[in-house]
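**Student:** Pasting the sequence and the predicted model now:
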Amino acid sequence: MGALSTAVCCASTRCGEARRCPVSARQVTIRSVRVAVVAGPDGSCWLSELAEDGTSHGPVVRHDDFPAAVTAHDHGDVRWVWPATAAIYPALLRAGVRVGRCHDVALTEALLLGREGRLAEPASLAGAWSRLRGAAVPAVQAGQRPAAASRPGQDALFDPADPVFPDPRAALEALIAVHADQVRRIAADEHPGRFALLVAAESAGGLIAGEMGHDGLPWRADVHSDLLTGLLGQRPMAGMRPARLADLAARICDALGGPPVNPDSPAQVLRALAAAGVRVPSTRSHVLRGVDHPAAALLLEYKELARLHAAHGWAWLDEWVSGGRFRPEYVVGGVVSGRWATRGGGALQIPRVLRRAVIADPGHVLVVADAAQLEPRVLAALADDRAFAAAAGTGDLYEALAGAFGGDRAKAKVALLSAMYGGAGGEAGQLLAVLRHRFPLASKYVEAAARAGEEGRVVRSRLGRTCPPPSAAWRGLTSVPDEPGADEARAGRSLRARGRFTRNFVVQASAADWALVLLAGLRRRLAALSAPNAAAGAAAAHPENQPEGDGDTAARLVFFQHDEVIVHCQQALAGAVEAAVGEAAAEAGRLVFGPTPVRFPVTTAVVASYSDAK
DNA sequence: TTCCGTTGCGCG
DNA sequence: AAAGCGCGCAACGGAA
């Protein structure tokens, strides 16, 4: 990489003069522009326009005001190339600035490292830059899980004390070089088009995660609190049990007869049950449901309410809900399959009973969209099994398959779930045999994935996300040659567990591919929807730059959970949003799987409260 | 005191 | 003998 030339312009302006700088002037005539940008000290930034392949760049420009520079340059056709959306975007959002597209170097690096079997190495710009130069790579901290290690971290921000990047210009130079290298590595994939789509979708996911965390899910704390009071009694002092739980705990002790027992302690409950003549392997709910003892029903009731209190009680409300919004922190790619995770708040485990606290603002509605039977449909598209795909071309896949299982829809469902999850208990074995006979390609697809896992190989999703390789411990345990004994059984269990993981990975991760592409397409359509006068001028193309809060009337993605998405919008926009969801789903099917008879229907419900959906 | 593995259950 | 998958979070209880 040659020396960077610098053209300092609009150094002390907001967007007015910025429009005259070389980068934005040229951008008017170029369709798809990439602009590399890094944060500098005191809210400044350094940027440079890139060629599409990233191999060359224009002058380096410094701006005093990062958000203003973004506004000046983003006319809807810019793809921002930056170190990590998670580190950069929240500040832009707080400044009222949203961007259309980006290339997230850290998320992309994590995908590439996964493909290259180097998941343990840091995916940050600093890590990628070190590898590119052949320098020592900053070590991943011991005990960190690979997923955590590959998360974009603080090191993506400009830090003057960072020895890797002594100044923003060095960081920009590294960014440009790493981006060019990533473009090369993407093109070198077995399926470069698919992998490029994965990178674009993952980057869009980063933007969406930032925006959803910023906007928040509408959440009525008063409704939530009333619900808790109704179920648990008045809010207790910190550390105390609510009245209803205290009462249940006392009745459980009475029913068991012996010394006081803490129903929160499985060990104590197990001992007390044994003393009362009840022998159970655990205190799990499904076990207790089969126990004929007065304490069992009380314990079940206690466990359900205690969980609500502990996980989503008043303390949760205090910590996570403010200003009528629940604002969790989403972690894109936080799950190896490409599903999202969250940090804090448990946004992906909201109990169904609390959905009634999710209520649209006045004059607004929630459009709740759910991809129906997503994973079996994904398997149908992956396997290219004609008979199976034909069934997946209908509204109810299981019903369409029922004929092969004596007309029993439930059996068809069990067979499918067993094929995707590796289950073989009960009647599943029999049903799997039917599936293998009637839909051989669909069976072979998951069987091949399972075999790859058992042989220690990795598998990939449709768009090319790679599963982690087996651990050294797994290899040690399973490579022992025919030594009879206890270890043989353990090795066999590990082998089959790995097989179930890879078997499920190809389906779950490909479903995540589809969902991510859907999300990106929906976001693009919502932006257009929210800007009905977009043609009137650049200002109207950026309604997201309007003040937040009550003044913000745009249709917003507010929730995403694997195969379900919620949009919060004005009542009048609901129909258009529903249509946008349908279009985005169809587009995702085409982009991810190409021509296929498989349909990916999405059910939508326009509701005031999340609890009214489904 | 803090740390960590286990148990159990919420979601898909 | 079989065991379907993927997560996050809270509480417990023993270890350090």
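**Tutor:** Looks like it arrived, so ask away. Numbering: from 1, shown residues only, chains lettered A, B, ... in the order given.

**Student:** Can you report how many residues neighbour A:Phe439?
**Tutor:** A total of 25 residues lie near A:Phe439 under the criterion other CB atoms under 10 Å. For glycine as for every other residue, the C-beta is placed from the backbone atoms N, C-alpha and C.

**Student:** Check whether it really touches A:Asp385, as I assumed.
**Tutor:** Yes: between A:Phe439 and A:Asp385 there is a contact under CB atoms under 8 Å: 5.2 Å.

**Student:** so who does whatever residue of the stretch 351-500 of chain A ends up closest to DNA strand B touch?
**Tutor:** Nearest residue of the stretch 351-500 of chain A to DNA strand B: A:Arg352, at 3.6 Å (CB to the nearest atom of the strand). Taking CB atoms under 8 Å, 6 or more residues apart in numbering, we find A:Arg352 in contact with A:Ser611.

**Student:** What confidence value was assigned to it?
**Tutor:** Looking at A:Arg352, its pLDDT reads 90.

**Student:** The one helix or strand A:Ala580 maps to near DNA strand B anywhere?
**Tutor:** Assessed by DSSP states H and E, A:Ala580 sits inside helix A:574-593. No: counting by CB under 7 Å from any atom of the strand, DNA strand B is not contacted by helix A:574-593; separation bottoms out at 14.7 Å.

**Student:** helices or strands up against that helix?
**Tutor:** helix A:192-215, strand A:364-371, helix A:374-383, helix A:486-529, strand A:564-570, strand A:602-607 (3 or more CB pairs under 8 Å, 6 or more residues apart in numbering; DSSP states H and E).

**Student:** Buried residues, it. List them.
**Tutor:** A:574, A:576-578, A:580-582, A:584-589, A:591-593 (16 or more other CB atoms under 10 Å).

**Student:** Name the member of the residues you listed with the shortest distance to A:Pro601.
**Tutor:** A:Pro601 has its nearest neighbour among these in A:Ala585, at 7.5 Å by CB to CB.

**Student:** Nearest residue to the closest one in space, please, no chain neighbours.
**Tutor:** A:Val602 (4.5 Å; CB to CB, 6 or more residues apart in numbering).

**Student:** if I look at the one you found, how far off is DNA strand B?
**Tutor:** Between A:Val602 and DNA strand B the distance is 12 Å, computed by CB to the nearest atom of the strand, to the nearest Å.

**Student:** so that residue makes contact with A:Leu374?
**Tutor:** No: with contact defined as CB under 8 Å, A:Val602 does not reach A:Leu374; the gap is 9.2 Å.

**Student:** what's the helix or strand where A:Val223 lies packed up against?
**Tutor:** Here A:Val223 sits within helix A:221-232, counting by DSSP H and E. The contact analysis (3+ CB pairs under 8 Å, 6+ apart) places helix A:221-232 against helix A:243-256, helix A:294-312, helix A:314-320.

**Student:** for the following helix or strand past the last one, what is the average pLDDT?
**Tutor:** Of the helices and strands lying after helix A:314-320 in sequence (DSSP H and E), the nearest is strand A:321-322. Strand A:321-322 carries an average pLDDT of 94.

**Student:** Moving C-terminal from strand A:321-322, which element do we reach first?
**Tutor:** Taking DSSP H and E as the definition, the helix or strand that follows strand A:321-322 towards the C-terminus is strand A:325-326.

**Student:** and that following strand, how far from the chain's centre?
**Tutor:** Taking CA atoms, centre = their mean, to the nearest Å, one finds the center of strand A:325-326 at 18 Å from the center of the full chain.

**Student:** Ok, stretch A:581-590 next?
**Tutor:** With CA atoms, centre = their mean, you get 18 Å for stretch A:581-590.

**Student:** nearest residue to A:Ala404 other than its sequence neighbours?
**Tutor:** A:Arg438 (4.4 Å).

**Student:** roughly how far apart are the one you found and A:Asp408?
**Tutor:** 14 Å (CB to CB, to the nearest Å).

**Student:** can you check A:His437 too?
**Tutor:** 16 Å.

**Student:** do the same with A:Ser282
**Tutor:** Taking CB to CB, one finds A:Ser282 at 32 Å from A:Asp408.

**Student:** Show me what the one helix or strand A:Met420 maps to is packed against.
**Tutor:** Using DSSP H and E, A:Met420 sits within helix A:409-421. If you count contacts as 3+ CB pairs under 8 Å, 6+ apart, helix A:409-421 packs onto helix A:374-383, helix A:397-401, helix A:428-438, helix A:440-454, helix A:486-529.

**Student:** Distance from that helix to the middle of the chain?
**Tutor:** Using CA atoms, centre = their mean, the offset of helix A:409-421 from its chain centre is 25 Å.

**Student:** returning to what we had before: okay, the helix holding A:Ala580 in CSV with CA atoms only?
**Tutor:** These are the backbone C-alpha positions of helix A:574-593, laid out as CSV (Å, rounded to 0.1, in the frame of the first residue of the first chain):
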residue,chain,number,x,y,z
ALA,A,574,-49.4,-1.5,8.0
GLY,A,575,-50.6,-2.8,4.7
ALA,A,576,-47.5,-1.6,2.9
VAL,A,577,-45.3,-3.1,5.6
GLU,A,578,-47.0,-6.4,5.2
ALA,A,579,-46.4,-6.3,1.5
ALA,A,580,-42.8,-5.4,2.1
VAL,A,581,-42.4,-8.4,4.3
GLY,A,582,-43.8,-10.7,1.7
GLU,A,583,-41.6,-9.3,-1.0
ALA,A,584,-38.5,-9.5,1.1
ALA,A,585,-39.2,-13.1,1.9
ALA,A,586,-39.6,-14.0,-1.7
GLU,A,587,-36.5,-12.1,-2.6
ALA,A,588,-34.6,-13.9,0.1
GLY,A,589,-35.6,-17.3,-1.3
ARG,A,590,-34.4,-16.3,-4.7
LEU,A,591,-31.1,-14.8,-3.6
VAL,A,592,-30.2,-17.6,-1.2
PHE,A,593,-31.4,-20.7,-3.0
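
**Student:** My read is that A:Val517 contacts A:Phe593, right?
**Tutor:** No: look at A:Val517 against A:Phe593 with CB under 8 Å: they stay out of range, at 10.1 Å.
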